[in-house]
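Chemist: structure for this input, please:
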Amino acid sequence: MVIINTNNIDFVHNESDLKEVIQYIRQPISGTKFFNPVSGIE
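Modeler: Predicted structure coming up:
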């Protein structure tokens, strides 16, 4: 399971945010992972 903090990203209007999320979820994951992207809305 992946939990993504979406408070500071805008993957609808910012393609680089979307690519970052997709890149993360394509990785093999075991257990629960937390993804807290640092780019995004400023």
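
Chemist: alpha carbons only for contacts and neighbour counts from here, please
Modeler: Fine.

Chemist: any low-confidence regions in the protein?
Modeler: 39-42 (pLDDT under 70).

Chemist: got the phi/psi numbers for residue 20?
Modeler: Dihedral pair for residue 20: phi -60, psi -40, per degrees, to the nearest 10.

Chemist: which residues does it contact?
Modeler: residue 37 (C-alpha atoms under 8 Å, 6 or more residues apart in numbering).

Chemist: same thing with residue 5?
Modeler: With C-alpha under 8 Å, 6+ apart, residue 5 has these contacts: 34-37.

Chemist: again, only using 7 Å
Modeler: 35-36 (C-alpha atoms under 7 Å, 6 or more residues apart in numbering).

Chemist: do the same with residue 34
Modeler: 2-4.

Chemist: identify the bridge partners of it.
Modeler: residue 3 (DSSP bridges).
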